[in-house]
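In: sequence-free structure coming up:
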């Protein structure tokens, strides 16, 4: 079989699998929801311990290989290669792909949810506020970024140091050989990678659309209707397809830089208009609490009480980030040529975690300072929680408008990054895929998002649950990725 036929095989099967899942969800939503929830419920109940210890192993491995191993000065590429992008641009691109809409969506809402319903504390108390920050740090700090770093590091080594295709299956070359990777095993891994990427992005784009629409309604009384949401998706689709087609060095790079500039402005503005001293106190104490309780909190599964809570929050997040690993890891690998492993870990693990901590402290503190009754009311609508919080502060509405712009730029950067990765996946790992492939995947992503938003009342949530359940094998893939990294570094594989 020729390479071209193999490429078409992976590409066509991936589209068929994705479309069949979406058609099933739209034609028989109750059955689809039941099966997806049953699968996910089973995994959370029976394998919560596995998700927990696996994510912890990613953090330990990333810290070890980046700061304590003899391999920390190895470059992702030839030893004399130089980074393609400045540190700021590189960080902007990986941060936009790795978190994006989720930070804006949950920045105020998540700490306030914990403040209203904490574990082991009375709602609305200082203990509840402390719990809120500790759990927000846990869910959005080192764990998700270590998760991305493992797969990204393995892929970057294979792509740039050993000239292998930019496919998730390439991670297995040091373990089972190139011949087997090019066979059915590798194709199955790559097909699942494409499905997980499409499903994850479709749900995120849908949630981003809802929040943009909610923000416009909150600020300008724009109605939350299907026609408005359709317009939002179409406009943003045109923007992100154009930016993706123009390539990494033009569209994606510049949009990611704009993203970070706007995000930085929002952080500074919120700090200045908010309870600044309280924010500083909270940042110091929450960081200390996070570090002090890191091991214990990282390994909590709800074995003794509130297992349902851990399943709904911590285990759900861990599973969701693993489901995102194929897309985010592949994109980070693509832009990381020339970095040493130490630089890579600083940029992918440490820097974005610190940015997430700062944002959650600022947005969370601003919300919690409004009191328990306000928090109860605000979290009734997660998409508008941040806007509700900002409306209580001077210049809050102006910052809310900027946050809507930030949502749009995060929306665009997440979508064009995923479109680029999907085009890579369906082009046998070509690091510079063709424009037609990018356009096709861009249209398919938006089409699937709209179909699920319009076709069923909770189609996005169903697809999210299904993608997490299906992505369970990726936890094993990433465990093997750690073994592959060590093996390929111990011996010059080529």
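Out: That came in fine, so what should we check first? These figures come from a predicted structure and were not determined experimentally.
In: right, and the helix or strand after the particular helix or strand that has residue 468 in it?
Out: Element membership of residue 468 [criterion: DSSP states H and E] is helix 459-470. Counting by DSSP H and E, the element after helix 459-470 in chain order, helix or strand, is helix 472-490.
In: now that following helix, how far from the chain's geometric center?
Out: 20 Å (C-alpha atoms, centre = their mean, to the nearest Å).
In: so where is this structure shaky, pLDDT-wise?
Out: Residue ranges of the chain with pLDDT under 70: 1-8, 455-457, 459-460, 492-494.
In: Longest helix in it, by number of residues?
Out: Using DSSP state H, we find that the single longest helix of the chain is helix 184-220.
In: Report the angle between the next helix or strand after that one and helix 184-220.
Out: For helix 184-220, the succeeding helix or strand toward the C-terminus, using DSSP H and E, is helix 226-245. If you take axes from the mean of the first three to the mean of the last three C-alpha atoms, to 10 degrees, helix 226-245 sits at 130 degrees to helix 184-220.
In: Could I get the buried residue list for helix 226-245?
Out: Neighbour-count burial for helix 226-245 flags 228-229, 232-233, 236-237, 239-241, 243-245 (criterion: 16 or more other C-beta atoms under 10 Å). (C-beta placed from N, C-alpha, C; glycine too.)
In: Show residues contacting it.
Out: 205, 209-210, 212-213, 216, 222, 250-252, 254-255, 408, 411-413, 415-416, 419-420, 423, 435, 438-439, 442-443, 446, 449-450, 453-454 (C-beta atoms under 8 Å, 6 or more residues apart in numbering).
In: Name only those of those residues that count as buried.
Out: Buried among the contacts of helix 226-245 (16+ other C-beta under 10 Å): 205, 209-210, 212-213, 216, 251-252, 255, 408, 411-413, 415-416, 419-420, 423, 438-439, 442, 446, 449-450, 453.
In: Quick one: residues contacting the closest residue to residue 43 other than its chain neighbours.
Out: Leaving aside its chain neighbours, residue 43 sits nearest to residue 472 (5.7 Å; criterion: C-beta to C-beta, 6 or more residues apart in numbering). Shown in contact with residue 472 (C-beta under 8 Å, 6+ apart): 43, 47, 319, 322.
In: Now do the second one: how many residues are near it, please.
Out: Other residues within reach of residue 47 by the criterion other C-beta atoms under 10 Å amount to 16.
In: same question, the one 10 residues further on
Out: For residue 57, the count of nearby residues is 16 (other C-beta under 10 Å).
In: Does it touch residue 483 like I think?
Out: No: using C-beta atoms under 8 Å, residue 57 makes no contact with residue 483, being 11.3 Å away.
In: what's in contact with the helix holding residue 468?
Out: The contact list for helix 459-470 (C-beta under 8 Å, 6+ apart) reads 21-22, 25-26, 29, 32-33, 35-37, 39-40, 43, 192, 195-196, 199-200, 202-203, 206-207, 316, 319-320, 322-323, 449, 451-453, 456.
In: From those residues, list just the buried residues.
Out: 21-22, 25-26, 29, 32-33, 35-36, 39-40, 43, 192, 195-196, 199-200, 202-203, 206-207, 316, 319-320, 322-323, 449, 451-453, 456.
In: Out of those, list just those in helices.
Out: 21-22, 25-26, 29, 32-33, 35-36, 39-40, 43, 192, 195-196, 199-200, 202-203, 206-207, 316, 319-320, 322-323, 449, 451-453.
In: pretty sure residue 278 contacts residue 367?
Out: No: counting by C-beta under 8 Å, residue 278 sits too far from residue 367 to count as a contact (11.9 Å).
In: between the two, which one's more packed in?
Out: Using other C-beta under 10 Å, the more surrounded residue of residue 278 and residue 367 is residue 367, with 29 against 14.
In: could you say what helices and strands the host helix or strand of that one packs with?
Out: According to DSSP H and E, residue 367 maps onto helix 351-368. Where contact means 3 or more C-beta pairs under 8 Å, 6 or more residues apart in numbering; DSSP states H and E, helix 351-368 is packed against helix 87-98, helix 109-116, helix 126-140, helix 142-156, helix 253-273, helix 276-292, helix 372-378, helix 382-390.
In: Direction-wise, compare it with helix 126-140 and give the angle.
Out: Here the directions of helix 351-368 and helix 126-140 differ by 150 degrees (the same axes, to 10 degrees).
In: Report the buried residues of helix 351-368.
Out: Buried, per 16+ other C-beta under 10 Å, within helix 351-368: 351-353, 355-368.
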